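> Test case, fold it:
(chains A and B)
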Amino acid sequence: MPDLSNAAHGDGSTELRRFFHDLATPLSAVSLHLERAVRQFDRGEDPQEALKTAREQLDRAFGLLERGREELLR
Amino acid sequence: MRVLIVEDDVAIRKGLESAVRDLGSQPKSVGTVGEAGRVVEEFDPEVLIVDVHLPDGDGIEVLRAAREAKPDRDGIVLTGQASIDSAVEALRAGASDYLMKPLRAAQLEVVFQRLAARRTLESEVETLRGELQETGKLGELIGKSPAMVKVFDTIRRVARSNTPVLITGQSGTGKEVVARTIHRLSRRASGPFVAFNCGAISPTLIESELFGHERGAFTGADKRRIGYFEEANGGTLLLDEITEMGAELQVKLLRVLEAKTVRRVGGTQEIRVDVRLISATNRDPKEAIQQGKLREDLYYRLNVFPIALPLLSERPEDIALLAEHFRRHLEDQEKAGVTSWEPAALSALESYGWPGNVRELRNVVHRAYVMTEGDTIHPEVLEELLPGARRPRAARAESKRRKR
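The predicted model follows:
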């Protein structure tokens, strides 16, 4: 997790970009696994595992977002 | 396609693997530059999907190394931190696409469709080039004579461009086959190829056939119809017997070529069309201009790249090659067991004048194939099919001797 304390004072654009990059990773996984679940459902297969992964990655994204928010408010 | 995914995040890797598999390709995934180097050798991927930031290095370097070993590999670069520098770096390494996270499988589908279409096209072009070098074939065209080798060379050059082509040659010399081959070798090969014979239809109907018409444009136009220009959009349109098109319509055609738009008969809207035009004629275009059959300004517009097809009698060395090609084609289809030629039969074909050119030869071979009993085509069969053709006495004696 990048140090976002500088971002709040306007000189931490690199950290902010790192933060967005870190956030984009679980969001990509959420999107890919949700689409995988839809395809599996359309084929009559069980989408449980894909949905579980999507949920875990969504939790991961929220965790990162929360920590980022705390850093910014510090 | 074999696709190697180089991405350190396990969840993304699994998601990409699933998306790639569902797109009909064969995925394999690794999480580091080190592993990628080893797997590229073993797995021999056709496409690499690489993340820029990997724990032990740069994914773009993986792509660069893989493409240095095999330049026809495609690369898709993934990044969560897009920057102009990294996009330029990715392009320099040979990436065909640069995708930003968060990713969606739908983006990947679009990229894969484009890659697959390009790969199909490149493989067809390579096949055709190989055919030409090895067997004297270019698509459906056959010939090893200097005249045909020159035609093949011109076709390959002209196929790469988008310029209009005018093919001249007597009836039966293969003008439509040449046009089709240009289309197949061009970047438009995945688009439509539409052939229209201007001499086969009443001059009053040509305009609506070419440009289409709106409902009620004329008596009998009970519904809207798109014309051949619109039908050929994104591909190639062959206008055969171009000199049979009336002078008034030639003016309209000239306008279409310049504006790259068509207006349906009875319509008010200009419709943009992206069509590569190939025209053909069995007349001498210069004579047609003098006789008022072809507008000079249209001729110069169409004749950017001329291809003159030789008469079959001007390339006798190709006759046996063509005859054998037609026989083999018939045998593949009809399986009558006619598998060879008596040499005297091929000599008879070579000594005939072929006023109807390749088309006549194809018809004669077809009839000879049908009339042949046994596995070999004998010259006696051809004597009945080739008007005025007499075999040399020596050939007849040889034929009799073989039969005994």
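> What does B:Gly57 show for phi and psi?
phi 160, psi -160 (degrees, to the nearest 10).
> what does the stretch 51-200 of chain B have sitting close to chain A?
B:53, B:79-81, B:100-106 (Cβ under 8 Å from any Cβ of the partner chain). Bear in mind the C-beta positions are built from the backbone N, C-alpha and C, glycine included.
> For PyMOL, what selects the buried ones among those?
Listed next is the PyMOL selection for buried residues among those, using 16 or more other Cβ atoms under 10 Å in any protein chain shown:
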select buried, chain B and resi 53+79+80+81+101+102+103+104+105
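> Filter the residues of the stretch 51-200 of chain B next to chain A down to just the ones in strands.
Mapping those onto strands (DSSP state E) picks out B:53, B:79, B:100.
> could those residues go into a markdown table alongside pLDDT and distance to A:Gly44?
Listed next are these as a markdown table, based on pLDDT from 0 to 100; distance: Cβ to Cβ, whole Å:
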| residue | pLDDT | distance to A:Gly44 |
| --- | --- | --- |
| B:His53 | 87 | 38 |
| B:Thr79 | 84 | 36 |
| B:Met100 | 86 | 33 |
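> Would you agree A:Thr53 is in contact with B:Lys14?
Yes - between A:Thr53 and B:Lys14 there is a contact under Cβ atoms under 8 Å: 7.0 Å.
> Quick check: neighbours shared by the two?
Residues within reach of A:Thr53 and of B:Lys14 at once, by Cβ atoms under 8 Å, 6 or more residues apart in numbering or on different chains, are A:His33.
> which SS class is whatever residue of chain A ends up closest to chain B?
Closest approach between chain A and chain B, counting by Cβ to the nearest Cβ: A:Leu32, at 2.7 Å. With DSSP: H, G, I helix; E, B strand; the rest coil as the basis, A:Leu32 sits in helix.
> And for the one 4 residues further on?
Using three-state DSSP, the three-state assignment for A:Arg36 comes out as helix.
> Give me the distance between the residue nearest to B:Glu46 when sequence neighbours are not counted and chain A.
Once flanking residues are discounted, B:Glu46 sits nearest to B:Met1: 4.7 Å by Cβ to Cβ, 6 or more residues apart in numbering or on different chains. B:Met1 is 19 Å from chain A, where distance means Cβ to the nearest Cβ, to the nearest Å.
> ok, B:Met1 to B:Val177 distance?
32 Å (Cβ to Cβ, to the nearest Å).
> A:Ser31 now?
49 Å.
> more neighbours, those two?
Neighbour tally, A:Ser31 and B:Val177, criterion other Cβ atoms under 10 Å in any protein chain shown: the higher count belongs to A:Ser31, 21 against 17.
> right, and the more buried one touches B:Gln107 too?
No - in this structure A:Ser31 lies outside contact range of B:Gln107 using Cβ under 8 Å: 9.6 Å.
> The most centrally placed residue in chain A: what's it in contact with?
Closest residue to the average C-alpha location of chain A: A:Ala61 at 2.9 Å, with Cα atoms, centre = their mean. Applying Cβ under 8 Å, 6+ apart to A:Ala61 gives the contacts A:23, A:26-27, A:30.
> residue ranges with poor pLDDT in chain A?
Low-confidence segments of chain A, defined by pLDDT under 70: A:1-13.
> The residue of it most remote from its centre in helix, strand or coil?
Largest separation from the mean C-alpha position in chain A: A:Gly44, at 28.3 Å (Cα atoms, centre = their mean). Secondary structure, three-state DSSP: A:Gly44 is coil.
> With the one 10 residues further on instead?
Three states are possible here, and by three-state DSSP the one that applies to A:Ala54 is helix.
> Give the closest residue to it in space, chain neighbours not counted.
Per Cβ to Cβ, 6+ apart, closest to A:Ala54 is A:His33, 4.0 Å.
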